[in-house]
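Peer 1: Here's my sequence, what's the structure:
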Amino acid sequence: MEHIKTYIDENKDRFLEELFELIRIPSVSSLAEHKEDMKRAAEAWKKILLSAGADKAEVMPSAGNPVVYGEKMTDPSKPTVLVYAHYDVMPVDPLDLWKTQPFEPVVKDGKIWARGADDDKGQSFMHAKAFELMVKTNTLPCNVKFMIEGEEEIGSPSLSDFCEQHKKMLQADIILVSDTGMIAPDIPSITTGLRGLAYMQVKVTGPNRDLHSGLFGGAVANPINILTKMIASLTDENNHITIPGFYDDVLEVPQKEREMMAKAPFDVEEYKKAIDIRDVHGEKGYSTNERTGIRPSLDVNGIWGGYTGEGAKTVIASTAHAKISMRLVPDQDHHKIAQLFDKHFKAIAPKSVRVEVEELHGGYAYVSPTDMIAYQAADKAYTATFGKRPVPVRSGGSIPIISAFEKILGIKSILMGFGLEADAIHSPNENFPLFNFYKGIETIPYFYKYFTEMMAEK
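Peer 2: Numbering: from 1, shown residues only. Down below sits the predicted model:
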């Protein structure tokens, strides 16, 4: 399939220019001021799909941000691949830590630097260009559908209903996703599991106004002090989560599978060096890869209250707030975990404060079987372009809608990610190596080829 490399080489500069146009749209789904940008990004994707060769593409309404749907149906008797991606991105804060402008992409040191460069504009754009390549070279072997949403970074709150409403339109044999990563540039991998998520926001209220810390300090409960103590108590000295009932439904991974996971290439010293830490940290009795792949976790994602400006202001704040996420594993139910958290967090609060708990969003964990045809086709595709077989891995991340796809549409997903741990997704200075970007475009057509062939042999 030499035509693949030839097409990429002849069009690689154009691919980048088109991707940069998409990245320049600040489609931050969590901030209301970017509502119009979400619409602009959706319209941009419609044009991208039509230009690439889709028979039709449209921006469809949902309860939230619009969903872009496109398709090219070559033959009803052939398999159908449904590509899922998202056009929304995370906020860029803290802006002062960026070395470049987050929505003005630049290429430096062999990487694209920008918000969305990897997650998920860069990775989703690979699919548009791989699709274009197959259409323009008359090598598209099956039917293709695209569903690109604008709310993944806030938990896809509208997409389940969208899928319920459009089941027939979304019928397919497999859902293809590139929103995960690889172990290393020279070690391809297929994500076989994603953790679920329960995301909470809490508020602790003390006095009815900010108080003078000299006149009231020591006599009135400080909500910030109380909140930090409450958060600290959510894990014990072994980093085991203390919420009663939290582990009741955790699917324990057999020792044999843990031994297989241990064979995956992992250098703990390189891991520490890459993120500049002196030592790893986590639940006692588990390796770093196990802690992120097969065990649940709890983290504070943000905490605020009181005076944080320049200089001093001696006050006891009236309120303190925090955002807390819990990554879940099979068979934990995010609704149940949210309820357990709510009950426990209120129970551990002293009478001197009032506590409010809000569930922001969540999703179930997902496992992608290694014995399905799509996995075998992906295995062959990576092997063809990287010259070595990919390693199956369980990711610590979450894509909440993936488990919903299976429940609503009855379709499994294959997770062919090309990002790297060093890409700083969700952080300042997000980036995506050019090698991975072009390698994704090269590998995806092989998946289509092998998947179509293997489905025909079934």
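
Peer 1: rest of the way, CA atoms for contacts and neighbours
Peer 2: Will do.

Peer 1: Does whichever strand or helix holds residue 83 pack against any helices or strands, and if so which?
Peer 2: Under the criterion of DSSP states H and E, residue 83 resides in strand 80-86. Contacts defined by 3 or more CA pairs under 8 Å, 6 or more residues apart in numbering; DSSP states H and E place strand 80-86 against helix 121-136, strand 143-149, strand 174-177.

Peer 1: Which positions in the longest one come out as buried?
Peer 2: Under the neighbour-count criterion of 16 or more other CA atoms under 10 Å, helix 121-136 has 121-135 buried.

Peer 1: For residue 315, what are phi and psi?
Peer 2: Dihedral angles of residue 315 (phi, psi; degrees, to the nearest 10) stand at phi -130, psi 150.

Peer 1: Could you tell me the per-residue confidence at it?
Peer 2: For residue 315, the pLDDT comes out at 97.

Peer 1: quick one: it and residue 213 touch, right?
Peer 2: Yes - with contacts counted by CA atoms under 8 Å, residue 315 reaches residue 213, the gap being 4.8 Å.

Peer 1: Do a quick rundown of the helices in this structure.
Peer 2: Secondary structure of the chain, counting by DSSP state H: helices at 2-23, 35-52, 121-136, 159-165, 213-216, 223-232, 255-261, 268-275, 288-293, 334-347, 373-386, 401-409, 434-457.

Peer 1: Those: lowest mean pLDDT?
Peer 2: Among these, helix 255-261 scores lowest, with a mean of 85.

Peer 1: Tell me the helices and strands packed up against that one.
Peer 2: Other elements packing on helix 255-261 under the criterion 3+ CA pairs under 8 Å, 6+ apart are helix 288-293.

Peer 1: And the helix it packs on, how far out from the chain middle?
Peer 2: Helix 288-293 has its C-alpha centroid displaced from the chain centroid by 17 Å (CA atoms, centre = their mean, to the nearest Å).

Peer 1: Excluding sequence neighbours, find me the nearest residue to residue 37.
Peer 2: Nearest non-adjacent residue to residue 37, counting by CA to CA, 6 or more residues apart in numbering: residue 27, 5.2 Å away.

Peer 1: Tell me who's in contact with the one you found.
Peer 2: Neighbour list for residue 27: 34, 35, 37, 38, 41, 87, 88, 89 [criterion: CA atoms under 8 Å, 6 or more residues apart in numbering].

Peer 1: Those residues, buried ones only, as a PyMOL selection?
Peer 2: The PyMOL selection below is limited to those of the contacts of residue 27 classed as buried (16+ other CA under 10 Å):
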select buried, resi 35+37+38+41+87+88+89
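
Peer 1: Make a markdown table out of the contacts of residue 27 and add distance to residue 386.
Peer 2: Listed next are the contacts of residue 27 as a markdown table, based on distance: CA to CA, whole Å:
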| residue | distance to residue 386 |
| --- | --- |
| 34 | 39 |
| 35 | 40 |
| 37 | 37 |
| 38 | 35 |
| 41 | 32 |
| 87 | 28 |
| 88 | 30 |
| 89 | 29 |
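
Peer 1: Residue 266: which of the contacts of residue 27 is nearest?
Peer 2: For those, the minimum distance to residue 266 (CA to CA) is 28.8 Å, reached by residue 89.

Peer 1: Tell me which residues touch the closest one, please.
Peer 2: Here residue 89 is in contact with 26, 27, 28, 29, 115, 116, 119, 120, 153 (CA under 8 Å, 6+ apart).

Peer 1: again, only this time at 7 Å
Peer 2: Applying CA atoms under 7 Å, 6 or more residues apart in numbering to residue 89 gives the contacts 27, 28, 29, 116, 153.

Peer 1: and the protein, what are its domains?
Peer 2: Following automatic domain parsing, one finds the domains of the chain at 2-194+365-457, 196-250+296-362.

Peer 1: Which one, of those domains, ends up nearest to residue 276?
Peer 2: For the domains of the chain, the distance to residue 276 is smallest for domain 2-194+365-457, at 11.8 Å, taking CA to CA.

Peer 1: Ends of the closest one, what's the gap?
Peer 2: Terminal residues of domain 2-194+365-457 lie 25 Å apart, using CA to CA, to the nearest Å.

Peer 1: Tell me the gap between that domain and the middle of its chain.
Peer 2: Domain 2-194+365-457 sits 11 Å away from the centroid of its parent chain (CA atoms, centre = their mean).

Peer 1: Equivalent analysis for stretch 315-324, please.
Peer 2: Counting by CA atoms, centre = their mean, stretch 315-324 is centred 28 Å from the centre of its parent chain.

Peer 1: Give me the contacts around that stretch.
Peer 2: Applying CA under 7 Å, 6+ apart, the set of residues contacting stretch 315-324 is 199-213, 222-224, 227, 299-306.

Peer 1: What is the end-to-end distance of that stretch?
Peer 2: Terminal residues of stretch 315-324 lie 25 Å apart, using CA to CA.

Peer 1: now do stretch 207-219
Peer 2: Separation of the first and last residues of stretch 207-219 by CA to CA is 11 Å.

Peer 1: List the buried residues for stretch 328-336?
Peer 2: 328, 329, 330, 331, 332, 333, 334, 335.

Peer 1: Can you tell me which of those residues comes closest to residue 144?
Peer 2: residue 330 (30.3 Å).

Peer 1: where does that closest one fall, phi/psi-wise?
Peer 2: Phi and psi for residue 330, reported as degrees, to the nearest 10, are phi -60, psi 130.

Peer 1: any idea how far residue 391 is from it?
Peer 2: Separation of residue 330 from residue 391 (CA to CA) stands at 21 Å.
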